[in-house]
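Participant: structure for this input, please:
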Amino acid sequence: MIGIYAPAELHAEILAAVHTHHRLHELVQLHTPTGNEEELPQDGHTICIANGQVSMPADWWQTGPPVIWPAIPYTPLHVVGVVLAKLHNFEEAAPLLAQLPACWQAVEQYALLVNGFAYEQEPGKAVANQYTPLHNHAVCLHYGAGNNPAPLDQLLSAYEAALTAAAQPWQQAFTAAQMATLLTDSGMPQQATELLSQSIAVLGIDTHALHHLKWLRCMARLQMLSVPYNLQLLEELKAEMWEVLSYYETWNRLTEQGLLLVEAAQIANISESFAEALGYITKAVQLLEAAQLPELTANAQLKKGILLYTWAQKGQPQFYRAAKDAFLAALQVFTRDAAPHVFADIHHYLGIIYSEIPDEVQKKSVWAGVSVSSFHEALNFYNKVDYPYEFAQVCHHFGNAFTKYPAAALGDNFEKALNWYHEALDVRTAEAYPLERSLTLSNYLDAAWKAGNPGDGYSEDRWHDMWQRAQELKTLATEETLRTEAADWLDVLVKAKAAV
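Facilitator: Residues are numbered from 1 along each chain as shown. This next block holds a predicted model:
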């Protein structure tokens, strides 16, 4: 729905022009502005008419590509042209706007980004020292790269040129927002935070711009969190997130609220406030569902699953079932064909969950069966050639799972566990992954001790294999607990040999 804010005396002629296009009036709402621009929705569906001009405010709510639309002279047909372009009916908009070169250039750039076409305009065609074409050029380079993305330094230079040409605070802020997004997405959150902080300090930016910049700063700062966590940064993040969240609640911006709550859950989890984190992520799922955003909802379900899984692993196994449900909900969107990487990750989690989920003894075999199936789904993607590290990780956990399955009528689960540990150890070499190898060696020794020997007697081959593994663990491990464990195994093996 397009909202047109125009003086009351212009409503009749605008509506008459809208009615010249079949059923277009059903997609338009006419409003009389109050005079306070901050009361207007700041999205790509708002058109303002004042002082003989048609203008489109900057899209702070990210409802479309972040292209700047230049103001144009008011006529009812110009308004209809903008409405049609905003509704992506570019063919019918062309006769009404093509005679306005600056406006039509912006429409073409908007259409290019909406349709996912590659941007081929040469940098020289962006008019020097004119903000709007410079900003739109940078945006098209950034988001319209197609299969040939522009180098990062070229993108940053394009945004810098637009920043230099920005004459008004909102222009500087809007371009800085896109540039900061680029920096954050490029793994440069510190630079993004600095740019956003400079923009937030600029006098004259309105409430909408201020809160969008703060929202982006929250996203950048989240990337800067690492162990050991900076407590001051955590507190600053919490305060800023609640300020921004309150703003988006006022405007009923479900998407932004949901995304913020997903990140709030992460911060609460870092602080080990589990109930708080679970409350945030659950509400985030509800908001994103209400906004009818299936991919973002699925991503929130994925993070909810990881959160619950983490706490289940920390000695609270009652959360495994809820984690399972969240992961299965995420799989409704992250299918094998649509998102094979995420699909494999989820099944890796599910394989572990199904092997550890508390239940009656009679049902454990059923859980073991679906666990095996999930591990194989993960390994169908994470093969040894293309993804060796992930392959070894899944194999390690698959081995662990076999040690927890109910005893099999045919075969020895501990022998099967050893086979998967062998696969993991082939990749987890001492040179490449010493810590990961130490962990697999530790689990390998436990499974080898419990595995049945031929004739259920003493096996010289098994003893020598365990002795070599324990010696390696003692030499390789850097953690004292693992070194002590290795020494204990060597003592056990010495006694076992003496008893033969």
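Participant: quick one, what contacts the spatially most central residue of the chain?
Facilitator: The centre of the chain sits closest to Asn299, judged by Cα atoms, centre = their mean, with a distance of 6.8 Å. For Asn299, the contact set (Cβ atoms under 8 Å, 6 or more residues apart in numbering) comprises Val262, Ala330. For the C-beta atoms, the positions are set from N, CA and C on the backbone; glycine is no exception.
Participant: tell me the spacing between it and Glu39.
Facilitator: 32 Å (Cβ to Cβ, to the nearest Å).
Participant: same check, this time on Glu472
Facilitator: 70 Å.
Participant: which one's more surrounded, these two?
Facilitator: Neighbours were counted for Glu472 and for Glu39 using other Cβ atoms under 10 Å; Glu472 has more, 16 against 9.
Participant: isn't the more buried one right next to Ala430, touching?
Facilitator: Yes: counting by Cβ atoms under 8 Å, Glu472 does reach Ala430; the two are 7.5 Å apart.
Participant: which parts of the helix or strand where Lys363 lies are buried?
Facilitator: In this structure, Lys363 sits in helix 361-381 according to DSSP states H and E. The neighbour-count check on helix 361-381 (16 or more other Cβ atoms under 10 Å) flags Lys364, Trp367, Ala368, Val370, Ser371, Val372, Ser374, Phe375, Glu377, Ala378, Leu379, Phe381 as buried.
Participant: try stretch 163-182
Facilitator: 163, 165-166, 170-182.
Participant: same check, this time on stretch 447-454
Facilitator: Buried residues in stretch 447-454, defined by neighbour count with 16+ other Cβ under 10 Å: Ala447, Ala448, Ala451.
Participant: what's the answer for stretch 406-426, then?
Facilitator: Asp412, Asn413, Phe414, Lys416, Ala417, Leu418, Trp420, Tyr421, Glu423, Ala424, Leu425.
Participant: what's next to that stretch, contact-wise?
Facilitator: Defining contact as Cβ under 8 Å, 6+ apart, one finds that stretch 406-426 is touched by 361, 364-365, 368, 384, 391-393, 395-396, 398-403, 405, 436-437, 440-441, 443-444, 447-448, 450-452.
Participant: could you dump it to PDB, C-alpha only?
Facilitator: What follows is stretch 406-426 as a C-alpha-only set of coordinates in PDB (Å, rounded to 0.1, in the frame of the first residue of the first chain):
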ATOM      1  CA  PRO A 406      21.100 -48.800  23.000                       C
ATOM      2  CA  ALA A 407      23.100 -52.100  22.600                       C
ATOM      3  CA  ALA A 408      22.500 -53.500  19.100                       C
ATOM      4  CA  ALA A 409      21.400 -57.100  18.500                       C
ATOM      5  CA  LEU A 410      23.800 -57.300  15.600                       C
ATOM      6  CA  GLY A 411      27.200 -55.600  15.800                       C
ATOM      7  CA  ASP A 412      29.000 -53.700  18.500                       C
ATOM      8  CA  ASN A 413      28.200 -50.000  18.800                       C
ATOM      9  CA  PHE A 414      31.600 -49.300  20.300                       C
ATOM     10  CA  GLU A 415      33.300 -50.900  17.300                       C
ATOM     11  CA  LYS A 416      31.200 -48.700  15.000                       C
ATOM     12  CA  ALA A 417      32.100 -45.700  17.100                       C
ATOM     13  CA  LEU A 418      35.800 -46.500  16.600                       C
ATOM     14  CA  ASN A 419      35.300 -46.600  12.800                       C
ATOM     15  CA  TRP A 420      33.900 -43.100  12.900                       C
ATOM     16  CA  TYR A 421      36.700 -41.900  15.200                       C
ATOM     17  CA  HIS A 422      39.200 -43.300  12.700                       C
ATOM     18  CA  GLU A 423      37.500 -41.200  10.000                       C
ATOM     19  CA  ALA A 424      37.800 -38.100  12.200                       C
ATOM     20  CA  LEU A 425      41.400 -38.800  13.000                       C
ATOM     21  CA  ASP A 426      42.400 -39.200   9.400                       C
END
